[in-house]
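Student: Show me the folded form of this:
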Amino acid sequence: MHSVVIRRVMSSFDFQKVRSEFPVLAQSVNGKPLRYMDNAASAQVPNLVVERTSEYLAKEHSNVHRGVHYLSQKATGAYEAAREKVRKFINAGEAKECIFVRGCTEGINLVASGYGRKFINEGDEIVISQMEHHSNIVPWQMVAEERGATIRVIPMNEAGELILDEYENLLNEKTKMVAFGHISNALGTINPAKEMIETAHKFGVPVCIDGAQAVPHMRVDVRDLDADFYAFSGHKMFGPTGSGIVYGKKEWLEKIDPYQGGGSMIKTVTFEKTTYAGLPEKFEAGTPAIASQIGLGAAIDYLNSIDLDAAFEYEHELLEYATERLGAIEGVRIVGTAKNKTSVVSFIVKDIHPHDIGTILDQEGIAIRAGHHCAQPVMQFYDVPATARASLAFYNTKEDIDALADSISKVIDVFS
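Tutor: Just a heads-up that it's a prediction; the model follows:
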């Protein structure tokens with residue numbers, strides 16, 4: 001059965017060719033082949049991104065939007081070309097709706113600060129979900145504390161699925177924002193984003209989506225979703241750290257206040273009054289992470305160069321295989337069994353601490369994540385201090401999963 005699952009996609013997706021384009025995967029760790037399964041934390045970077053980023057640093061490096069000289073014009077062209085690549089990739093209406101940020105966390109903070117200071121007041125309510133990453137909890141808590149608002153939480157069930165009836169019951173005339181993750185980083189659950197946005201919009205409530213885990217693993221169309229705000233990080237989609245986007249509908253971005261002040265984001269400055277530049281400059285104060293954002297554009301070029309639909313199908317079949325292999329090991333409990341999920345297998349093993357599991361697996365060359373995954377409320381829900389998490393990408397293989405399963409069995413033997 002296992003070989004049938006894997007063979008079904010090999011004809012349309014050449015994962016071995018893909019692996020050859022990621023140089024880090026060719027190395028050994030502790031004398032064993034590196035088996036990298038920590039992609040939900042940060043995905044690896046293909047040669048195309050490494051080369052494009054290096055080319056910018058070697059031949060084009062200059063500040064953007066501020067010079068008439070050759071290098072500045074060259075850098076500005078590459079920087080804005082990357083923004084247009086993002087626009088097409090997520091199907092935004094206009095490039096100026098795509099604000100460059102240094103990651104999903106900064107994007108959510110931009111929305112929470114800019115929207116919250118202007119539209120959230122005492123007695124208002126902000127709805128978030130029980131499975132959120134801390135980056136989609138803490139900024140809203142900060143806004144709520146500052147503005148005298150209340151946080152309301154969408155509950156989830158034992159499988160790790162949001163209870164949508166309860167979600168709709170939370171919405172009322174006091175609700176001023178709904179914020180949730182498209183895919184849970186701790187559980188792999190794919191939330192029904194389009195349906196949830198439609199529900200919020202019935203009450204006239206805007207929605208901010210944490211899309212960090214979604215963009216690398218499924219096609220995202222922000223206009224089809226009708227998302228008001230959608231944030232994601234470049235480093236989870238095979239780009240450099242320090243890169244990312246927060247998409248916002250133009251009508252919202254024009255209404256909300258800037259997150260930071262400084263150079264580039266102004267139209268005029270006097271000691272009496274400052275007026276702000278138009279989009280997207282209004283939200284991009286100071287010198288940006290130019291090399292990283294150009295690298296993000298290259299990552300999109302790379303993703304556009306492969307058969308993404310086949311890649312996503314391959315990932316899903318790897319997930320099914322990993323779930324089957326790990327679930328068959330006595331003493332292993334998989335945490336998060338939603339019917340609709342992707343890429344992530346979180347698990348606990350008897351009473352063995354996940355950090356011990358991760359340490360022993362590292363000795364076998366296997367890289368996973370152990371901890372609360374910046375989702376402590378999820379751990380509290382399942383009454384565990386932490387989980388071990390294997391998170392997959394389209395360059396992973398059946399052999400990676402077999403090695404993981406065999407090594408987990410070794411962990412159990414060691415501690416028994």
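
Student: Would you report the backbone torsion angles of residue 372?
Tutor: As for residue 372, its main-chain torsions (degrees, to the nearest 10) stand at phi -100, psi 0.

Student: I figured it was touching residue 386, is that so?
Tutor: Yes - counting by C-beta atoms under 8 Å, residue 372 touches residue 386, with 5.2 Å between them. Where you see a C-beta, it was placed from the backbone N, CA and C, and this is true even at glycine.

Student: Per-residue pLDDT of residue 123, please?
Tutor: Residue 123 is assigned a predicted lDDT (pLDDT) of 98.

Student: re the thing from before, residues shared between the contacts of residue 372 and residue 386?
Tutor: Contact criterion C-beta atoms under 8 Å, 6 or more residues apart in numbering; residues shared by residue 372 and residue 386: residue 379.

Student: quick one: which helix or strand includes the residue nearest to residue 227 when sequence neighbours are not counted?
Tutor: Computed as C-beta to C-beta, 6 or more residues apart in numbering, the closest residue to residue 227 that is not its neighbour in sequence is residue 209, at 5.4 Å. Applying DSSP states H and E as the criterion places residue 209 in strand 207-210.

Student: Repeat that for residue 153.
Tutor: With DSSP H and E as the test, residue 153 turns up in strand 150-154.

Student: For that strand, what is the distance to the chain centroid?
Tutor: 22 Å (C-alpha atoms, centre = their mean, to the nearest Å).

Student: Mind listing what's buried along it?
Tutor: 152, 153, 154 (16 or more other C-beta atoms under 10 Å).

Student: sorry, back to before: quick one: strands adjacent to the strand holding residue 209?
Tutor: strand 175-181 (parallel), strand 229-233 (parallel) (DSSP bridges).

Student: right, and the helix or strand after the longest one?
Tutor: Next in sequence after strand 175-181, counting helices and strands by DSSP H and E, comes helix 193-202.

Student: looking only at pLDDT, what's the mean for that next one?
Tutor: 98.

Student: With stretch 361-372 instead?
Tutor: 98.

Student: Check stretch 46-61 too.
Tutor: 98.

Student: In terms of residue numbering, what are the domains of the chain?
Tutor: Following the assignment in automatic domain parsing, the chain carries domains at 2-33+307-415, 50-304.

Student: Need the ones you listed in TSV (columns: distance to residue 40).
Tutor: Output for those, formatted as TSV (distance: least, C-beta to C-beta, whole Å):
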stretch	distance to residue 40
domain 2-33+307-415	4
domain 50-304	5
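
Student: and the nearest residue to residue 57 once chain neighbours are set aside, how far is that from residue 212?
Tutor: Leaving aside its chain neighbours, residue 57 sits nearest to residue 291 (5.8 Å; criterion: C-beta to C-beta, 6+ apart). According to C-beta to C-beta, to the nearest Å, residue 291 and residue 212 sit 21 Å apart.

Student: can you check residue 171 too?
Tutor: 24 Å.

Student: same question, residue 194
Tutor: From residue 194 to residue 212 the distance is 18 Å (C-beta to C-beta).

Student: So for those two, which sits in the more crowded spot?
Tutor: residue 212 (28 against 13; other C-beta atoms under 10 Å).

Student: just checking, residue 287 touches residue 65?
Tutor: No - checked against C-beta under 8 Å, the pair residue 287 and residue 65 is beyond contact range at 9.6 Å.

Student: what's the overlap in contacts for these two?
Tutor: residue 264.

Student: on that earlier part again, which one, of the strands paired with strand 207-210, ends up nearest to residue 28?
Tutor: Comparing these against residue 28 with C-beta to C-beta, the closest turns out to be strand 229-233 (28.4 Å).

Student: where does residue 247 land in three-state SS?
Tutor: In three-state terms, and counting by DSSP: H, G, I helix; E, B strand; the rest coil, residue 247 is strand.

Student: In contact with it: list those residues for me.
Tutor: Taking C-beta under 8 Å, 6+ apart, one finds 90, 92, 97, 98, 99, 222, 227, 229, 230, 231 in contact with residue 247.

Student: cool, and residue 50?
Tutor: residue 23.

Student: for the one 4 residues further on, same thing?
Tutor: With C-beta under 8 Å, 6+ apart as the criterion, no residue contacts residue 54.

Student: residues in contact with the strand holding residue 153?
Tutor: 123-130, 140-141, 144, 162-163, 166-167, 170, 174-175, 180.

Student: so where's the protein shaky on pLDDT?
Tutor: 1-12 (pLDDT under 70).

Student: Start from the N-terminal end of the stretch 1-150 of the chain and give the strands.
Tutor: 28-29, 32-33, 35-36, 98-101, 125-129, 150-154 (DSSP state E, counting those that start in this stretch).

Student: wait, which of those strands is closest to residue 310?
Tutor: strand 35-36 (20.6 Å).

Student: Which strands and helices lie in contact with that closest one?
Tutor: strand 366-367, helix 398-415 (3 or more C-beta pairs under 8 Å, 6 or more residues apart in numbering; DSSP states H and E).

Student: any idea whether the spatially most central residue of the chain is helix, strand or coil?
Tutor: Centroid-nearest residue in the chain, with C-alpha atoms, centre = their mean: residue 212, separated by 1.2 Å. Secondary structure, three-state DSSP: residue 212 is coil.

Student: Just confirm it contacts residue 185, I think it does.
Tutor: Yes - in this structure residue 212 lies within contact range of residue 185 using C-beta under 8 Å: 7.1 Å.

Student: list residues touching both of these two?
Tutor: By C-beta under 8 Å, 6+ apart, the residues touching both residue 212 and residue 185 are residue 133.

Student: give the contact list for the residue nearest to residue 227.
Tutor: By C-beta under 8 Å, 6+ apart, the residues touching residue 209 are 179, 180, 181, 182, 193, 197, 225, 227, 229, 230, 231.

Student: Now flag whichever of the residues you listed is closest to residue 85.
Tutor: Distances from residue 85 to these, taken by C-beta to C-beta, are shortest for residue 230, at 16.0 Å.

Student: Isn't residue 69 up against residue 60?
Tutor: No - assessed by C-beta under 8 Å, residue 69 is found out of contact with residue 60, at 11.8 Å.

Student: who's more crowded, the two?
Tutor: residue 60 (20 against 9).

Student: Tell me if I'm right that that one and residue 76 touch.
Tutor: No - judged on C-beta under 8 Å, residue 60 makes no contact with residue 76 at a distance of 9.8 Å.
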